[in-house]
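Q: Here's my sequence, what's the structure:
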Amino acid sequence: MRSSQLTRLPIYRAALCMLVASVCLGAGAQTEQPNGLFAAAAEGDLAAVKAQLAAKADANARLANGITVLMVASLQGSADIVRALIDAHADVNARSEDGNTALEAAAQFGHVEAVTALIAAHAEVDARNYNGQTALLVAAGTGQLDVVRTLIHAGADVNAKDNHGVTVLMTAAAMHQAEVVRSLIAARADVNASDNHGDTALMAAAEKYSLPDTVEELLKAGANANARNMDGDTALIWAATVNSTEVVRALLRGNAHVNAKGQRGYTALMLASTNGPVEMVKDLLAAKADVNIRGDPGTTALLLASFAGRADVIRLLLDAGANMSYRDWQGTTPLIYAAQNGNPEAVQMLIDAHADVNGKATAPSTEAADGDATPLMVAAEKGHLEAVRVLLKAHADVNAKTTRGLTALIEAAQYGYLDVVETLLAAGADIHAKTTLGKTALSAAADHPDVRAFLLQAGARR
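A: So this is what the prediction gives:
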């Protein structure tokens, strides 16, 4: 259940303040008596409500949006006023323009006495609003445990779905309502029901930064840890996506497939290696995650960690047997990605593991860029001085060229990185090297007077 697919719960409370103001100004109803009745109900004034009813105010009066006095009283939470209106023949099943009922209004904010009074007056417990939500679904989403139990006892459908196929259990799981989840499971809610996208309650709990107790309750009740939605994602993929280490651990204990692939062919380890907690990476490796599985574009966990410059994760992956020879679809190596990121520790770690310091990418060159750059060229282009120094110390070829003749020095000069230009020249970079189009470091530095002045002083020819 994607966050965007969790149907918005009906929001009454903010509207209540506007309601009191509008009815007092005469905007909500047709006569002074209904206006007074709405205002009295909104303020929770039982005596005033009874006085209005005694003066023949209409107990079924509506505002322009279809909200009834009984809905206002149910939202306000006064069970005595609710009962007074029911005694005056208020329609307990009337609906607003959005299809909401008084029962949903009371349920959303946990007014259990009002809920009980409405049920006793034969309110439809499974009435649905225009989003397909029932009072139980609304109460579950806002964590109203006593109301949930009351509605279940009254026979509410624990497996009701809204228009997106989202169940009561999914809603409670997504909103971190562990006690509500337990009550629904005890009432035999289907733990493996899926919505229109194939998402389950377990996925909802994993996606929404849930605490592990909700996930554990669902697993204990038989939730399938390896169910997949229409994108091919599992709960483990979602937990890794949102960096929830504790939920990942709970799912692994629940026999989640550690090497399951989700969108783009990414595994939980790939996701964790990109930006997840180091402890999560350790847990996944301990659970025998395959460190060399490749995603759809040829990506590996090591390539992703290198792209992110995560030296600590790179070390873990290398120790687990990550293959440094694997390239992605662009022919990019882990060392090139680490150089692009600029973290010198990550660069050094890969060099220490015998990465080819002069290994070029193998992507085809385009009009915009050469596809066969070396790690040193990439670091120079980005201005990563410390990474450049690490690469030079490891004997990177300072004068290596791309197909069209670009060098690290030309790249650094073009982007105005004076400190990198100085370092490359000190390492023996050819100040007169030209591209196939005749560009030199000096001409590349046209927009950077400081670099240009330094190159001229160093002997560059105009």
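Q: How far does stretch 290-299 stretch from one end to the other?
A: Terminal residues of stretch 290-299 are spaced 13 Å apart (Cα to Cα, to the nearest Å).
Q: I would like the residues contacting that stretch, please.
A: 259, 261, 264-267, 269-270, 285, 300-302, 317, 320-323, 326-329 (Cβ atoms under 8 Å, 6 or more residues apart in numbering). The way it works is simple: take the backbone N, C-alpha and C, and place the C-beta from them, glycine included.
Q: Surely residue 270 touches residue 304?
A: Yes: the pair residue 270 / residue 304 is scored as a contact, 5.5 Å apart, by Cβ atoms under 8 Å.
Q: Give me the more crowded residue out of the two.
A: More crowded of residue 270 and residue 304, by other Cβ atoms under 10 Å: residue 270, with 28 against 24.
Q: Give me the nearest residue to residue 260, chain neighbours excluded.
A: residue 234 (4.9 Å; Cβ to Cβ, 6 or more residues apart in numbering).
Q: swap that for residue 79, please
A: residue 113 is the one closest to residue 79 (Cβ to Cβ, 6+ apart), at 3.6 Å.
Q: what's the average pLDDT for the helix or strand the one you found falls within?
A: Using DSSP states H and E, the element containing residue 113 is helix 112-120. Helix 112-120 shows an average pLDDT of 98 in the prediction.
Q: one step back: for the residue nearest to residue 79, the count of nearby residues, please.
A: 16.
Q: what's near enough to touch the closest residue to residue 289 other than its chain neighbours?
A: Among residues not flanking residue 289 along the chain, residue 269 sits closest, at 4.1 Å (Cβ to Cβ, 6+ apart). Contacts for residue 269 (Cβ under 8 Å, 6+ apart) come out as 240, 258, 259, 281, 284, 285, 289, 290, 291, 293, 301.
Q: The first one contacts residue 273, doesn't it?
A: What it means is residue 240. No: contact criterion Cβ under 8 Å: residue 240 and residue 273 do not qualify, at 9.6 Å.
Q: Give me the more crowded residue out of the two.
A: residue 273 (34 against 30).
Q: Hmm, the more buried one is touching residue 301, no?
A: Yes: proximity of residue 273 to residue 301 meets the contact threshold set by Cβ under 8 Å, at 4.1 Å.
Q: list residues touching both of the two?
A: Shared contacts of residue 273 and residue 301, defined by Cβ under 8 Å, 6+ apart, comprise residue 317.
Q: how far away is residue 387 from residue 351?
A: Distance from residue 387 to residue 351, counting by Cβ to Cβ, to the nearest Å: 11 Å.
Q: Look at the two and report which has more neighbours.
A: When neighbours are counted by other Cβ under 10 Å, residue 387 and residue 351 differ, and residue 387 comes out ahead with 28 against 20.
Q: Look up the closest residue to the more buried one, ignoring the ones flanking it.
A: residue 379 (4.2 Å).
Q: now do residue 275
A: residue 308 (6.3 Å).
Q: Just list the residues touching that neighbour, thanks.
A: 273, 274, 275, 341.
Q: how about it, phi and psi?
A: phi -80, psi -10 (degrees, to the nearest 10).
Q: Pull up the gap between it and residue 266, please.
A: 14 Å.
Q: how about low-confidence regions in the stretch 251-400 of the chain?
A: Along the stretch 251-400 of the chain, the parts satisfying pLDDT under 70 run over 365-369.
Q: In it, mark out all the helices, start to finish.
A: Along the stretch 251-400 of the chain, counting by DSSP state H, counting those that start in this stretch, helices occupy 268-275, 278-286, 301-307, 311-319, 334-341, 344-352, 375-382, 385-393.
Q: Turn the ones you listed into CSV, columns for distance to residue 454.
A: Formatted as CSV, the helices of the stretch 251-400 of the chain follow (distance: least, Cβ to Cβ, whole Å):
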stretch, distance to residue 454
helix 268-275, 38
helix 278-286, 41
helix 301-307, 32
helix 311-319, 32
helix 334-341, 23
helix 344-352, 23
helix 375-382, 15
helix 385-393, 15
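Q: So which of those is nearest residue 451?
A: Residue 451 lies closest, by Cβ to Cβ, to one member of those: helix 375-382, at 12.3 Å.
Q: Which strands and helices lie in contact with the closest one?
A: If you count contacts as 3 or more Cβ pairs under 8 Å, 6 or more residues apart in numbering; DSSP states H and E, helix 375-382 packs onto helix 334-341, helix 385-393, helix 408-414.
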